[in-house]
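Trainee: Sequence first, then the predicted structure:
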Amino acid sequence: MKALTWQGKRSVSVEEVPDPVIQEPTDAIIRITSTAICGSDLHLYEVLGPYMHKGDVLGHEPMGIVEEVGSAVTNLAKGDRVVIPFNISCGHCYMCSQGLQSQCETTQVREKRSGAALFGFSELYGSVPGGQAEFLRVPYADYGPVKVGQELPDDRYLFLSDILPTAWQGVKYADVQDGGTLAVFGLGPVGQFASRIGTHLGLRVVGVDPVPERREMAARHGVEVLDYSKGVADELREMTGGRGPDGIVDAVGMEAHGSPVAAFAHHALALLPDKVAQKAMETAGVDRLAVLHTAIDSVRRGGTLSLSGVYGGTASPMPLLTMFDKQIQLRMGQCNVRRWTDELLPLVEDDADPLGVTDLVTHRAGLAEAPALYEKFQKKEDGCIKVVLQP
């Protein structure tokens, strides 16, 4: 089959790789009909290369048609249409029973002291072949896949794989009460959905992003928007009676602009041998923290900061004096996808499309065009906000 593979920093290519096969009784094989490029894929493309291996198959936002199931899979049959959550969880361990599927004890990558295995996401999370391919082997298919209807287009369902539940969890973790104000830093795909979810839940939402096309998209959905600047914390306080937002979702993460020292660290890591670079990432502060520190400055005293953007440094400096003094609550983590899909499925199937799932994709292409679109997405060129590939 054809699949998009990692070849090196800022280098991906479509290659012929072996077709996946059933390996365990709980496996299924899916023929991919749509698969998206995620902001987290750009971390592998840029920062997390030391954990990647040449030829790794990328992608963790797929959906498609069941082609084959293992002998223990009784909830799926050939021809079923399914969305595949990006984290691989068993559904029966202690963590899954607590709604913490991203910490699944059955698939935890213990040799890296990481949580549940993820599709297409480096040795940190199990080096499981991903879904930017023609076919995908899905472990624990007796639990993970979300079966959906046959009538609506893929776009209605595809984002249940990652970014929609990630945004939903981010807003839930921000814990803004009715009538409160939610700020969303970063209006990429997760930030777009977090903003729309906030307005859907009746909150006042302010979206912050330096890219005009992203602000324009958010504004179409009733979101107040601000350009990102050094004075944005003051602007947010002025908009909220001097207090600041009740909660903030940081939907940016480790590659935020405005942190030149960390930017240098990112480039320096790429020059080191993989094992040396891994050790540096595991013991040093390599995140760009401008957005996170601005969010800490902006949120009201006693407010909540919810991190949906991915961070990768172990010793990233944090302003603990300010955080303690302001009594900030902090929540974060990989999304527990299956915890939220039952709540979200009726919303994506609603004819009114209350979360705007049909107004997100800016670029569509076949798998062959994926390398060029990775570059375009990373550089934020041509108004690129969300890319969907159709193998």
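Mentor: Okay, I see it.
Trainee: For stretch 252-269, what does the pLDDT average out to?
Mentor: Taken as a whole, stretch 252-269 has an average pLDDT of 52.
Trainee: Then stretch 329-348?
Mentor: Stretch 329-348 comes out at a mean pLDDT of 97.
Trainee: Can you give the distance of that stretch from its chain's centre?
Mentor: Centroid separation for stretch 329-348 versus its chain: 11 Å, with C-alpha atoms, centre = their mean, to the nearest Å.
Trainee: And it, what's buried?
Mentor: Residues of stretch 329-348 classed as buried: 329, 331, 334-341, 344-345, 347-348 (neighbour count, 16 or more other C-beta atoms under 10 Å). Bear in mind the C-beta positions are built from the backbone N, C-alpha and C, glycine included.
Trainee: Among these, which lie within helices?
Mentor: 337-341, 344-345, 347-348 (DSSP state H).
Trainee: Looking at those, spot the one nearest Thr294.
Mentor: The nearest member of these to Thr294, counting by C-beta to C-beta, is Trp340 at 27.6 Å.
Trainee: And that closest one, how far from Gly333?
Mentor: The gap separating Trp340 from Gly333 is 13 Å, by C-beta to C-beta, to the nearest Å.
Trainee: again with Ala141
Mentor: From Ala141 across to Gly333, the span is 24 Å (C-beta to C-beta).
Trainee: With Val357 instead?
Mentor: Distance of Val357 to Gly333, given as C-beta to C-beta: 23 Å.
Trainee: The host helix or strand of Ile248: which residues count as buried?
Mentor: Assigning secondary structure by DSSP states H and E places Ile248 in strand 247-250. Across strand 247-250, burial judged by 16+ other C-beta under 10 Å covers 247-250.
Trainee: before we move on, what about stretch 51-59?
Mentor: For stretch 51-59, a neighbour-count test (16+ other C-beta under 10 Å) marks 51-52, 56-59 as buried.
Trainee: List just the nearest of the residues you listed to Gly222.
Mentor: Once C-beta to C-beta is applied, the member of the buried residues of stretch 51-59 that ends up nearest Gly222 is Gly59, at 31.7 Å.
Trainee: quick one: the closest one is in a strand?
Mentor: No: according to DSSP: H, G, I helix; E, B strand; the rest coil, Gly59 belongs to no strand; its state is coil.
Trainee: Share the number of residues neighbouring the residue nearest to it when sequence neighbours are not counted, please.
Mentor: The shortest distance from Gly59 to any non-neighbouring residue, by C-beta to C-beta, 6 or more residues apart in numbering, is to Gln132 (3.0 Å). Per other C-beta atoms under 10 Å, the neighbour tally for Gln132 reads 31.
Trainee: same deal with the one 3 residues further on?
Mentor: Counted with other C-beta under 10 Å, residues neighbouring Phe135 total 22.
Trainee: what sits against it?
Mentor: 1, 19-20, 29-32, 67 (C-beta atoms under 8 Å, 6 or more residues apart in numbering).
Trainee: Among those residues, which one has the most neighbours?
Mentor: Ile30 (29 neighbours).
Trainee: Test my guess that that one contacts Leu76.
Mentor: No: taking contacts as C-beta atoms under 8 Å, Ile30 lies outside contact range of Leu76: 9.5 Å.
Trainee: Quick check: neighbours shared by those two?
Mentor: Taking C-beta under 8 Å, 6+ apart as the contact rule, Ile30 and Leu76 both touch 66, 82, 145.
Trainee: just for this protein, where's the confidence low?
Mentor: Under the criterion pLDDT under 70, the flagged ranges of the chain are 47-48, 255-287, 313.
Trainee: Cys104 touches Ser97, doesn't it?
Mentor: No: look at Cys104 against Ser97 with C-beta under 8 Å: they stay out of range, at 10.3 Å.
Trainee: Now do the SS call for the closest residue in space to Lys54 that isn't next to it in sequence.
Mentor: If the residues on either side of it in the chain are set aside, Lys54 comes closest to Gln7, at 5.8 Å by C-beta to C-beta, 6+ apart. What three-state DSSP gives for Gln7 is strand.
Trainee: how about Gln7, what does it touch?
Mentor: Counting by C-beta under 8 Å, 6+ apart, Gln7 touches 13, 54-55.
Trainee: could those residues go into a markdown table alongside secondary structure and distance to Gly383?
Mentor: Shown next, in a markdown table, are those (DSSP: H, G, I helix; E, B strand; the rest coil; distance: C-beta to C-beta, whole Å):
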| residue | secondary structure | distance to Gly383 |
| --- | --- | --- |
| Ser13 | strand | 25 |
| Lys54 | coil | 32 |
| Gly55 | coil | 32 |
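Trainee: now, among those residues, which is nearest to Gly39?
Mentor: In terms of C-beta to C-beta, no member of these lies closer to Gly39 than Ser13, at 20.5 Å.
Trainee: in the stretch 201-350 of the chain, which spans are strands?
Mentor: 204-208, 224-226, 247-250, 304-307, 329-332 (DSSP state E, counting those that start in this stretch).
Trainee: Glu238 and Phe86, how far apart?
Mentor: Separation of Glu238 from Phe86 (C-beta to C-beta): 38 Å.
Trainee: higher neighbour count, the two?
Mentor: Phe86 (28 against 11).
Trainee: so what's the closest residue to Pro129 other than its chain neighbours bridging to?
Mentor: Residue nearest to Pro129 in three dimensions, not counting chain neighbours: Val57, with 4.1 Å by C-beta to C-beta, 6+ apart. Assessed by DSSP bridges, Val57 has beta-bridge partners Thr5.
Trainee: I appreciate the help and will end here.
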